[in-house]
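1. Sequence isn't available, so here's the structure alone:
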């Protein structure tokens with residue numbers, strides 16, 4: 001969703017990420033297969049289900065096979 005780990009950590013610390021519906025404030029929180037992540041990013045909300053992990057860090061294309069998109073970016077004006 002973002003290019004750098006520091007950017008991801010900032011999203012979590014600022015309360016923009018939920019794990020299974022619960023707002024997460026710790027960037028080090030462990031994620032498991034089956035977890036649903038809700039991420040508020042650039043006036044959209046993305047809901048993703050974790051379906052796998054990579055052993056190594058890869059590019060964006062390889063990351064796309066590790067999650068299932070449960071919602072296409074929903075404009076923030078339509079969020080509840």
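-> Right, received. Where do you want to start? Values in this document were obtained by computation on a predicted structure and should not be read as measured data. Numbering: from 1, shown residues only.
2. From the contact counts, what lies against the longest helix anywhere in the chain?
-> If you go by DSSP state H, the chain has its longest helix at helix 5-13. When contacts are defined as 3 or more CB pairs under 8 Å, 6 or more residues apart in numbering; DSSP states H and E, helix 5-13 sits against strand 36-41. C-betas here are computed from N, CA, C, even on glycine.
3. elements contacting the strand it packs on?
-> Checking 3+ CB pairs under 8 Å, 6+ apart, strand 36-41 ends up next to helix 5-13, strand 17-19, strand 44-50.
4. pLDDT weak spots in the protein?
-> Applying pLDDT under 70 to the chain flags residues 72-80.
5. same thing but 80
-> 58, 72-80 (pLDDT under 80).
6. taking the helices and strands packed on strand 36-41 together, which one is wrapped up most tightly?
-> Mean neighbours per residue, mean count of other CB atoms under 10 Å, is largest over these for strand 17-19, with a mean of 19.
7. Okay, now the sheet partners of that one, with direction.
-> Applying DSSP bridges, strand 17-19 is found paired with strand 22-23 (antiparallel), strand 36-41 (antiparallel).
8. With distance to residue 16 added, can I get those in CSV?
-> Formatted as CSV, the entries for the strands paired with strand 17-19 read as follows, by distance: least, CB to CB, whole Å:
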stretch, distance to residue 16
strand 22-23, 9
strand 36-41, 4
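9. mind putting those in JSON lines, distance to residue 57 and mean neighbour count included?
-> Putting the strands paired with strand 17-19 into JSON lines (distance: least, CB to CB, whole Å; neighbours: other CB atoms under 10 Å) gives the following:
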{"stretch": "strand 22-23", "distance to residue 57": "26", "mean neighbour count": "10"}
{"stretch": "strand 36-41", "distance to residue 57": "18", "mean neighbour count": "17"}
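10. Point out the one among those that comes closest to residue 61.
-> Between residue 61 and the strands paired with strand 17-19, the tightest spacing by CB to CB is seen for strand 36-41, at 18.9 Å.
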